[in-house]
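1. Give me coordinates for this.
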Amino acid sequence: MREESAATMPARPTAGPVTPTVTNPGALPARSETLAAAHRPARRNAYAALDLGTNNCRLLIAEPASHGFRVIDAFSRIVRLGEGLGNADRLSEPAIERTIDALRVCRAKMQARGVVRAKIIATEACRLAVNGAAFVERVRDEVGLDLEIVDRQTEAYLAVTGCAALADPYAESVVIFDIGGGSTEIAWLDGAATNPSTDPTLRIRAWDSLPVGVVTLAERHGGADVTRLTFEGMVEEVADMLARFAIRAAPAANARHFHLLGTSGTVTTLAAMHLRLARYERRRVDGLWMSDGEVGGAIDDLLDTRLDQRADNPCIGRDRADLVLAGCAILEAIRRAFPSDRLRIADRGLREGLLMNMMREDGVWRRGGYR
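-> Residues are numbered from 1 along each chain as shown. Predicted structure coming up:
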């Protein structure tokens with residue numbers, strides 16, 4: 001199970017014209033006074049961002065630092081909330097129970113760290129499920145956390161906000177993508193970054209949210225025994241969904257220093273395999289550049305593995321062994337639509353975007369008072 005290291009993240013701007021609709025959870029009764037003081041920040045205030053996706057429940061707790069924030073706690077658990085959504089329209093009771101257990105852990109961590117402000121979002125699984133709103137109410141009643149189901153545009157803009165700092169500043173176009181469990185967000189950033197503090201979402205020329213992720217694609221095609229023919233079928237399905245965006249963003253690949261920038265368990269797994277890591281190390285993966293040949297080679301290597309081999313790989317694990325090749329198929333469709341010599345790997349995304357938004361809204365860097 002991966003957890004972020006206590007690295008300092010660089011400051012990044014808020015998500016431009018789209019602001020997450022999540023509000024202060026009002027969600028930790030034992031800390032109600034602390035939470036009420038969210039707009040009276042004191043030294044070393046702790047902020048929390050929780051991203052509940054189709055596959056993962058991920059929490060990041062951080063405090064402001066001089067040029068961004070310092071991670072002080074993290075939690076990640078594969079809950080597969082959206083399990084079965086590819087064939088049905090409801091969140092299942094086992095998936096709900098797994099998720100509620102994970103959310104209780106997150107709530108305890110937020111209380112222990114004295115979190116003063118939190119943003120807690122749910123994405124594709126809750127957007128699609130007919131009982132998504134009922135699930136949100138159940139979480140509020142049983143856990144005491146207020147989940148906000150964010151729309152696709154908000155999710156796409158948060159992904160850009162969270163990892164755009166890794167884009168090559170000389171690149172005049174970048175395609176950023178986030179391969180999730182139930183959806184894939186993709187955006188075209190046009191024009192070079194003239195200033196590191198410039199809001200990266202102002203460069204978005206086109207974006208899309210594809211209704212496909214590693215869980216839904218694996219459920220449709222099978223993720224355990226994936227032949228090369230099965231893999232090509234997955235790639236073709238994603239390519240059809242990507243076609244409209246690919247037409248709109250076609251000029252991107254012709255721009256000077258163009259490159260892809262990806263965030264997800266898929267790309268970080270490929271990076272770890274390329275580095276031949278004995279165990280996952282975020283500090284070595286986040287920000288890594290991979291050539292087109294290296295990415296293709298890592299995918300080929302994975303296609304030659306059996307399910308048990310993937311499960312035994314410490315950078316994949318049993319919980320993701322049947323999903324990683326579906327993620328590779330989504331990545332392959334993106335690579336074919338936007339040929340690039342370079343892919344930059346980001347082990348950061350929605351949670352980092354949420355944290356930066358909250359801290360900027362509270363003006364923590366204008367006031368100081370951090371360490």
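2. hey, let's count contacts and neighbours off CA atoms from now on
-> OK.
3. count of neighbours near T194?
-> Number of residues near T194 (other Cα atoms under 10 Å) recorded here: 9.
4. Grab the nearest non-local neighbour of it.
-> Distances taken as Cα to Cα, 6 or more residues apart in numbering put P169 closest to T194, at 7.5 Å, once the chain neighbours are dropped.
5. Can you name the residues that contact the one you found?
-> P169 sits next to A192, A193, T194 when contact means Cα atoms under 8 Å, 6 or more residues apart in numbering.
6. Could you grab the helix/strand/coil label for it?
-> coil (DSSP: H, G, I helix; E, B strand; the rest coil).
7. pLDDT-wise, what's the bottom of the contacts of P169?
-> Lowest-confidence member of the contacts of P169: T194, scoring 71 (pLDDT).
8. any idea which helix or strand carries it?
-> If you go by DSSP states H and E, T194 is not part of any helix or strand.
9. Over to it: give its phi and psi.
-> Backbone geometry at T194, expressed as degrees, to the nearest 10, gives phi -80, psi -20.
10. that older thread, and the contacts of P169, which is closest to D286?
-> Set against D286, the nearest of the contacts of P169 by Cα to Cα is A193 (19.9 Å).
11. Is that closest one in contact with Y170, as I believe?
-> Yes. With contact defined as Cα atoms under 8 Å, A193 reaches Y170; the gap is 7.1 Å.
12. Between the two, which is the more surrounded one?
-> Ranked by neighbour count (other Cα under 10 Å), A193 and Y170 place A193 first, with 21 against 13.
13. contacting residues for that one?
-> Counting by Cα under 8 Å, 6+ apart, A193 has contacts P169, Y170, A171, E172, P200.
14. where's it relative to P211, distance?
-> 29 Å (Cα to Cα, to the nearest Å).
15. Do a quick rundown of the strands in the stretch 201-350 of the chain.
-> According to DSSP state E, counting those that start in this stretch, the stretch 201-350 of the chain carries its strands in the segments 204-210, 259-263, 289-291, 342-346.
16. How about the stretch 51-200 of the chain?
-> Using DSSP E, counting those that start in this stretch, strands in the stretch 51-200 of the chain cover 56-65, 68-78, 115-122, 148-149, 173-179, 184-190.
17. Between the ones you listed, which one is closest to T263.
-> Comparison of the strands of the stretch 51-200 of the chain against T263 by Cα to Cα identifies strand 173-179 as nearest, at 4.9 Å.
18. Name the residues that touch that closest one?
-> Contacts of strand 173-179 (Cα under 8 Å, 6+ apart): 156, 159-160, 164, 167, 184-192, 213-214, 252-253, 255-266, 327, 330-331, 349.
19. try 7 Å
-> With Cα atoms under 7 Å, 6 or more residues apart in numbering as the test, strand 173-179 has contacts from 159-160, 184-192, 213, 252, 255, 258-264, 327.
20. Buried only: go through those residues for me.
-> Neighbour-count burial (16 or more other Cα atoms under 10 Å) is assigned, among the contacts of strand 173-179, to 159-160, 184-192, 213, 252, 258-264, 327.
21. for the strands of the stretch 201-350 of the chain, which one ends up most surrounded?
-> The highest average neighbour count among the strands of the stretch 201-350 of the chain, using mean count of other Cα atoms under 10 Å, belongs to strand 259-263 at a mean of 26.
22. Which other helices and strands does it contact?
-> strand 173-179, strand 342-346 (3 or more Cα pairs under 7 Å, 6 or more residues apart in numbering; DSSP states H and E).
23. so what's L166 up against?
-> When contacts are counted by Cα under 7 Å, 6+ apart, L166 touches G287.
24. The one 4 residues further on now?
-> Y170 makes contact with A192, H257, according to Cα under 7 Å, 6+ apart.
25. and it, backbone torsions?
-> Dihedral angles (degrees, to the nearest 10) for Y170: phi -90, psi -10.
26. Wait, G132 touches A122, no?
-> No. The criterion here is Cα atoms under 7 Å, and G132 misses it with A122 at 9.4 Å.
27. if you count what's nearby, which of the two comes out ahead?
-> Each of G132 and A122 has its neighbours counted (other Cα under 10 Å); A122 has more, 22 against 19.
28. Just confirm the more buried one contacts L50, I think it does.
-> No. A122 lies out of contact with L50 (Cα under 7 Å); the separation is 8.4 Å.
29. quick one, helices of the chain?
-> 32-36, 93-112, 124-128, 132-142, 152-163, 214-221, 228-248, 265-275, 282-285, 292-303, 307-312, 324-337, 350-361, 364-367 (DSSP state H).
30. So for D319, what's the nearest residue that isn't a sequence neighbour?
-> In space, D319 is closest to I78, 7.0 Å off (Cα to Cα, 6+ apart).
31. quick one: contacts for R205?
-> Contacts of R205 by Cα under 7 Å, 6+ apart are W188, L189, D190.
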